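Visitor: turn this into a structure:
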Amino acid sequence: MDNRKTGDFISLIRKERGLTQKELAEKIGVTDKAVSRWETGRGFPDISVLKPLSEALGVSVTELINGETASPETMQEKADNAVLETIAYFKSMAGKTISMLLFFAGVCFILFSFMLTGQRLSVLPFLGVFAILISRLVLSPKNFFLHFKIAFSQKKAQMVSMALLISTLILEALPYGVVMNFASSPEETIRVTTSYFNFLPFGYGNFFPFITAVLTIVSVIGGLISVLWGKDIPRLKNALYLCCISILACSGASFLFGITFIGGGVFLCVLAATVFQAAANRKTSG
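Guide: The predicted model follows:
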């Protein structure tokens, strides 16, 4: 099903019938803007208007969908193909609609987690990330990983990994990533949050946040060198992958002392960066 081809066909037949877009729209009960969208290929007639549109133009629904006139000999074959293409088209549109709703829900979950939970950990950002991932799987469940491999070349994977590490660095700089609990009395606990660059947790034996921050800076610098250098440096990329693994381990270990949603975001960003870095390295070695 070709929107452009069908649009050109509608425009051609409409002009042959001596109809304006407004006159055609009035015949089938739609706006002239809808007809304009069809003819320019920016949209496709809804299934409910295919029959009245075909009658108004004096063509069959099959010819309308195929975007060309058909001879009696080929009419049955084209009709079968048109039915199959129509079913596939609307099935694809349904999948896209569900995917968009899931993506929107995921973004809302993440935004609401900031507005409703303050500095404390919430399940909402994790649900948001999960919904966004599922939205991509719904859009193309069978070829998701194949599309991932095709869409992300070695250089693209490296750039995405670097962008995720920069996002990680920004999250680490926020004063809400690391949590510390102080017991002011047996009945009361004071909860304090700091950035990953703060030495306060380090002084109380939680070395992991500061180490995570330092390794992230090293990884960002290495990633920038790898991207801007313009040449493939396998040793540097392998070092970046090992660095991502180390950051992942340290950021996860810091959860032993407490967790905030910013800390969870750091962990997820590093996890994604590690996946993309591994993809870039695998392509290099292959």
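
Visitor: where's residue 157 relative to residue 278, distance?
Guide: As judged by Cβ to Cβ, to the nearest Å, residue 157 and residue 278 stand 9 Å apart. C-beta coordinates here come from the backbone N, C-alpha and C atoms, glycine included.

Visitor: with neighbour numbers in mind, choose between these two.
Guide: Between residue 157 and residue 278, residue 157 has the larger neighbour count (other Cβ atoms under 10 Å), namely 24 against 16.

Visitor: which residue packs closest to that one, ignoring adjacent ones?
Guide: Closest residue in space to residue 157, ignoring its immediate chain neighbours: residue 280 at 4.0 Å, by Cβ to Cβ, 6 or more residues apart in numbering.

Visitor: and the one you found, what is it in contact with?
Guide: Counting by Cβ atoms under 8 Å, 6 or more residues apart in numbering, residue 280 touches 154, 155, 157, 158, 161, 237.

Visitor: in terms of pLDDT, where does it sit?
Guide: The model reports residue 280 with a pLDDT of 80.

Visitor: could you do residue 154 as well?
Guide: pLDDT at residue 154 comes out at 70.

Visitor: run a quick neighbour tally on it.
Guide: 16.

Visitor: gap between it and residue 278?
Guide: Per Cβ to Cβ, residue 154 is found 12 Å from residue 278.

Visitor: what of residue 20?
Guide: For residue 20, the distance to residue 278 - Cβ to Cβ - is 59 Å.

Visitor: over to residue 107?
Guide: Relative to residue 278, residue 107 is positioned 27 Å away (Cβ to Cβ).

Visitor: same thing with residue 4?
Guide: As judged by Cβ to Cβ, residue 4 and residue 278 stand 40 Å apart.

Visitor: same question, residue 265
Guide: The spacing between residue 265 and residue 278, counted by Cβ to Cβ, is 20 Å.

Visitor: with residue 131 instead?
Guide: Per Cβ to Cβ, residue 131 is found 24 Å from residue 278.

Visitor: could you pull out the strands for the stretch 51-200 of the chain?
Guide: Counting by DSSP state E, counting those that start in this stretch, one finds strands in the stretch 51-200 of the chain at the ranges 178-185, 188-194.

Visitor: relative to residue 34, how far out is the residue nearest to residue 279 when sequence neighbours are not counted?
Guide: Excluding the flanking residues, the one nearest residue 279 by Cβ to Cβ, 6+ apart is residue 157, at 4.4 Å. Distance of residue 157 to residue 34, computed by Cβ to Cβ: 42 Å.

Visitor: now do residue 277
Guide: From residue 277 across to residue 34, the span is 47 Å (Cβ to Cβ).

Visitor: likewise for residue 270?
Guide: For residue 270, the distance to residue 34 - Cβ to Cβ - is 48 Å.

Visitor: so for those two, which residue has more residues nearby?
Guide: residue 270 (31 against 18).

Visitor: just for this structure, where's the confidence low?
Guide: Along the chain, segments meeting pLDDT under 70 span 1, 70-96, 99, 109-110, 112-130, 133-153, 183-186, 230-232, 282-286.
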